[in-house]
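Engineer: only the shape, not the letters, is given here:
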């Protein structure tokens, strides 16, 4: 088990009690609702939400809302360790490990949140996601600042040929 997840679970509990965070979640959900063709909406959370700080090494956090039934192709973050938690809905993450895709289902409502609500994805590990029957809301924590986060996606089916972009610079999500 990733030891940072325990500290992040306390961070998320504090966030969920913060009116500013609730407002941001609503804004991201509204952005997805406004654009019926968009598969997702997201935005980085402002640093001032983390007045008590983030765990060592964690530099940014993003809120996501992914459309029910959506399937998202492979991506990886070569410069960041990603840790994501389910806040609403269910999703199946797949990580490419040892030459095969391995599934991990995330559920927001669970009796064992550290095991069933969280996923830890080391830098440069390929991952993809399928969303359950309702919209999926999550927070993703990264080890680089929001403006530094790189996303790498494969060109076609070949994981060896990729396209890189800065995540924060992409405005297609709003």
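Structural biologist: That came through fine. Owing to the predicted nature of the structure, the values given are computational and were not obtained by experimental measurement.
Engineer: now residue 3: how far from residue 37?
Structural biologist: Counting by Cβ to Cβ, to the nearest Å, the gap from residue 3 to residue 37 is 40 Å. In this view, the C-beta of every residue, glycine as well, is placed from N, C-alpha and C.
Engineer: look at these two and report which has more neighbours.
Structural biologist: Taking other Cβ atoms under 10 Å, residue 3 and residue 37 do not tie; residue 3 has more neighbours (8 against 5).
Engineer: please report phi then psi for the more buried one.
Structural biologist: For residue 3, the backbone dihedrals are phi -70, psi -20 (criterion: degrees, to the nearest 10).
Engineer: show residues contacting the host helix or strand of residue 73.
Structural biologist: Counting by DSSP states H and E, the element that carries residue 73 is strand 71-75. Defining contact as Cβ atoms under 8 Å, 6 or more residues apart in numbering, one finds that strand 71-75 is touched by 39-40, 66, 96, 126-131, 151-154, 159.
Engineer: and the next element down the chain from that strand?
Structural biologist: Taking DSSP H and E, what comes next after strand 71-75 is strand 82-88.
Engineer: for that next one, buried residues please.
Structural biologist: The neighbour-count check on strand 82-88 (16 or more other Cβ atoms under 10 Å) flags 82-87 as buried.
Engineer: pLDDT and distance to residue 47 for those - can I get that in CSV?
Structural biologist: As requested, the buried residues of strand 82-88 are exported to CSV (pLDDT from 0 to 100; distance: Cβ to Cβ, whole Å):
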residue, pLDDT, distance to residue 47
82, 97, 18
83, 97, 17
84, 97, 19
85, 96, 19
86, 96, 23
87, 96, 20
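Engineer: so which of those comes closest to residue 141?
Structural biologist: Of all the buried residues of strand 82-88, residue 141 sits closest to residue 83, with 4.6 Å by Cβ to Cβ.
Engineer: how much space is there between residue 38 and residue 65?
Structural biologist: Distance from residue 38 to residue 65, by Cβ to Cβ: 10 Å.
Engineer: which one's more surrounded, these two?
Structural biologist: More crowded of residue 38 and residue 65, by other Cβ under 10 Å: residue 65, with 26 against 17.
Engineer: how about the contacts made by the closest residue to residue 83 other than its chain neighbours?
Structural biologist: Among residues not flanking residue 83 along the chain, residue 141 sits closest, at 4.6 Å (Cβ to Cβ, 6 or more residues apart in numbering). Counting by Cβ under 8 Å, 6+ apart, residue 141 touches 8, 11, 54, 58, 60-62, 82-84.
Engineer: before I go, just wanted to say thanks for your time.
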